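Engineer: The sequence and its predicted three-dimensional model are supplied below.
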Amino acid sequence: MLSYIFFYQTYIYYMKKEKFITSTIILMIGGFLTKILGMIIKIVMTRIVGIDGIGLYMLIFPTFALFMTISQLGFPIAISKLVSEDKYNNKNIVFSIIPFSLILNIILMFIIILIAPILANDLLKDPRCYYPILAIGLVLPFDSLSSILRGYFFGKQRMIPHVVSNITEQITRLILISITIPALLNKSLVFAVSGLILVNVVSELMSSLILFLFLPKKFRIRKEDIKPDPVNIKAILNISLPTTGSRIIGSIGYFLEPIVLTFVLLKVGYSNSFIVREYGIVSGYVMPLLLLPSFFTNAISQALLPVVSRAHSNSNKKFIKRKIKQAIFFSLLVGIPATILFEMIPELPLKFIYNTTEGISYIRFLAPICLIQYIQAPLATSLDAMGKSRINMTTTIIGICIRIISLLVFSAFRIGIWGLILGISISCIYITWYNYKKLSNFLK
């Protein structure tokens, strides 16, 4: 009994001391539960609105994702970094940026109203997209608010509020979709798809309320806390703008990828049906499956950000190196078994998840490359935490250029979709190597 108490007390002491490990475990468990709920939501959505409804939803989803990225403007990462350094008025950091975020989102709402007809009729070639695109504008302020609050809790290394709010958000979405979408579908498919977008208003609001409930009981807001501070706003924007730039550049690159691929392969003699089928296999089955373990590495990266930020503000390079090594170790701990599975029996997860065996050769080739991809997130997060977000933006630009150029060159040799596979591989290897090299230089 005494030995049990001793080991238990030692374990508690170690877990309190190693807050990074505790945070990582909490985020992994939360990420797993959120992923399961997300899969259930997709199944329910598909069964309610059918193939046509999901097709319409996926048609506008890239637009939704792009505007969400712009509306957040990298605030969660910036706030997490600054709060973790504990050199500022943390309340003012949060409340200074909320009015700025609100103004940004109002501007984005007006932009969406103006461009919705062009997007629906001229670019997406489907007038039914008009009302779902308008619905996106209503979601943006609520998503931005919850992301700002999450950034605060990440900075404080309090991961349970984030996990609880995420799970609450997903459960709210599931309930609302199950109750409201069938009724909207009776009106029209457009109403139902618009409803799928609008349920995010309530789910994000619930997420924000949960986060507010986790604020300390003695949490008091004074006048100086809510008065916008230009110094704090500037500090946030110096971090957030390059981060957002990287994501927008990445989105543009992925938008151009199928356009360039289709153009080149048609030129060298492949049929459109071949291109659509093979690209669908790679983007719909192969890459989602290979990147499935990435929610673990993303959890590790989220836990790493405040830890490295605080250590960097104290110029503790030795501690930063140790934490980055731990993050890479945990990423490989998840990545290596997944890579072995994808190499040895790729047909098993393919059949279980997607009920297909298409893309086995692509999976076997890309599996070792994706092992490198798994450690890319902790490296990029460490650069953000050290105030080097511009390097991530530069790396993203170079990586996208390498991917598109490789795609152009290799596809011209009539090797089918393998031009894309090689482009993905070369880009991934370069980005990971470049980030590792830069981190090594900074930590000498």
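Structural biologist: That came in fine, so what should we check first?

Engineer: can you give me the helices in the stretch 151-300 of the chain?
Structural biologist: Taking DSSP state H, counting those that start in this stretch as the test, the helices found in the stretch 151-300 of the chain are 160-187, 189-213, 223-226, 230-267, 272-281, 287-290, 294-313.

Engineer: now for the ones you listed, which one comes closest to P62?
Structural biologist: Among the helices of the stretch 151-300 of the chain, helix 230-267 comes nearest to P62, with 6.8 Å by Cβ to Cβ. Where C-beta positions appear, they are placed from N, C-alpha and C, glycine not excepted.

Engineer: Check which helices and strands that closest one sits against.
Structural biologist: In terms of contacts (3 or more Cβ pairs under 8 Å, 6 or more residues apart in numbering; DSSP states H and E), helix 230-267 is packed against helix 19-72, helix 75-85, helix 90-117, helix 272-281, helix 389-411, helix 418-442.

Engineer: and the longest one with helix 230-267, angle?
Structural biologist: Going back to what we said before, that points to helix 19-72. Using axes from the mean of the first three to the mean of the last three Cα atoms, to 10 degrees, the inter-axis angle of helix 19-72 relative to helix 230-267 is 80 degrees.

Engineer: Give me the contact list for stretch 349-368.
Structural biologist: 281-282, 285-287, 289-290, 339, 341-343, 346-347, 417, 421, 424-425 (Cβ atoms under 8 Å, 6 or more residues apart in numbering).

Engineer: rerun at 7 Å
Structural biologist: 281-282, 285-286, 289-290, 339, 341-343, 346-347, 421, 424-425 (Cβ atoms under 7 Å, 6 or more residues apart in numbering).

Engineer: repeat for stretch 381-397
Structural biologist: Taking Cβ under 7 Å, 6+ apart as the rule, stretch 381-397 contacts 77, 81, 239, 242-243, 245-246, 249-250, 301, 304-305, 308-309, 312, 324, 380, 431, 434-435, 438-439, 442.

Engineer: Now with 8 Å, please.
Structural biologist: 74, 77, 81, 238-239, 242-243, 245-246, 249-250, 253, 301-302, 304-309, 312, 320, 324, 327, 380, 431, 434-435, 438-439, 442.

Engineer: Generate a PyMOL selection restricted to the buried subset of those residues.
Structural biologist: To isolate the buried members of the contacts of stretch 381-397 in PyMOL, using 16 or more other Cβ atoms under 10 Å:
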select buried, resi 74+77+81+239+242+243+245+246+249+250+253+301+302+304+305+306+307+308+309+312+320+324+327+380+431+434+435+438+439+442
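
Engineer: so where's this protein uncertain?
Structural biologist: Within the chain, the set of residues satisfying pLDDT under 70 comprises 1-21, 23, 51, 86-90, 124, 217-226, 255, 276, 284, 354.

Engineer: TSV please, covering the helices of the stretch 151-300 of the chain and showing distance to K42.
Structural biologist: Below are the helices of the stretch 151-300 of the chain laid out as TSV (distance: least, Cβ to Cβ, whole Å):
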stretch	distance to K42
helix 160-187	10
helix 189-213	11
helix 223-226	40
helix 230-267	20
helix 272-281	17
helix 287-290	11
helix 294-313	15
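
Engineer: Would you mind finding the most buried of those?
Structural biologist: helix 294-313 (a mean of 24; mean count of other Cβ atoms under 10 Å).

Engineer: quick one: that helix to chain centroid distance?
Structural biologist: Between the centre of helix 294-313 and the centre of its chain there are 14 Å (Cα atoms, centre = their mean, to the nearest Å).

Engineer: after it, next one along is what?
Structural biologist: helix 317-344 (DSSP states H and E).

Engineer: what's that following helix packed up against?
Structural biologist: Secondary elements touching helix 317-344 (3+ Cβ pairs under 8 Å, 6+ apart): helix 19-72, helix 294-313, helix 347-354, helix 360-374, helix 376-385.

Engineer: got the angle for it vs helix 376-385?
Structural biologist: 160 degrees.

Engineer: Buried residues, helix 317-344. List them.
Structural biologist: The neighbour-count check on helix 317-344 (16+ other Cβ under 10 Å) flags 320, 323-324, 326-328, 330-331, 334-335, 338-339, 342 as buried.

Engineer: repeat for stretch 423-437
Structural biologist: By neighbour count on 16+ other Cβ under 10 Å, the buried set for stretch 423-437 is 423-432, 434-436.

Engineer: tell me the two of the residues you listed that are most distant?
Structural biologist: Farthest pair in the buried residues of stretch 423-437, by Cβ to Cβ: G423 and Y436, 20.7 Å.

Engineer: Would you mind splitting the protein into its domains for me?
Structural biologist: Following the assignment in automatic domain parsing, the chain carries domains at 20-228, 272-442.

Engineer: possible to save those domains as JSON lines with distance to I259?
Structural biologist: Listed next are the domains of the chain as JSON lines, based on distance: least, Cβ to Cβ, whole Å:
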{"stretch": "domain 20-228", "distance to I259": "12"}
{"stretch": "domain 272-442", "distance to I259": "10"}
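
Engineer: nearest to L261, of the ones you listed?
Structural biologist: Per Cβ to Cβ, nearest to L261 of the domains of the chain: domain 272-442, 5.7 Å.

Engineer: How far does the closest one sit from its chain's centre?
Structural biologist: In this view, domain 272-442 has its centroid 13 Å away from the chain centroid, taken as Cα atoms, centre = their mean.

Engineer: For that domain, measure first residue to last.
Structural biologist: 48 Å (Cα to Cα, to the nearest Å).

Engineer: ok, now which ones touch the closest residue in space to G253 that isn't next to it in sequence?
Structural biologist: Take G253 and drop its neighbours on the chain: the residue closest to it by Cβ to Cβ, 6 or more residues apart in numbering is I400, 3.5 Å away. Applying Cβ under 8 Å, 6+ apart, we find I400 in contact with I249, G250, I252, G253, S427.

Engineer: how about those, which pair is most distant?
Structural biologist: I252 and S427 (14.5 Å).

Engineer: ok, the spatially most central residue of the chain to L291 distance?
Structural biologist: For the chain, the residue nearest the mean C-alpha position is N298 (7.9 Å; Cα atoms, centre = their mean). Per Cβ to Cβ, to the nearest Å, N298 is found 10 Å from L291.

Engineer: do I48 as well
Structural biologist: Distance from I48 to L291, by Cβ to Cβ: 27 Å.

Engineer: How about D126?
Structural biologist: Counting by Cβ to Cβ, the gap from D126 to L291 is 28 Å.

Engineer: cool, and Q376?
Structural biologist: In terms of Cβ to Cβ, Q376 sits 11 Å off from L291.

Engineer: What of I111?
Structural biologist: From I111 to L291 the distance is 31 Å (Cβ to Cβ).

Engineer: try L443
Structural biologist: 28 Å.

Engineer: again, but for L123
Structural biologist: According to Cβ to Cβ, L123 and L291 sit 27 Å apart.

Engineer: cool, T22 as well?
Structural biologist: Relative to L291, and taking Cβ to Cβ, T22 is found at 26 Å.
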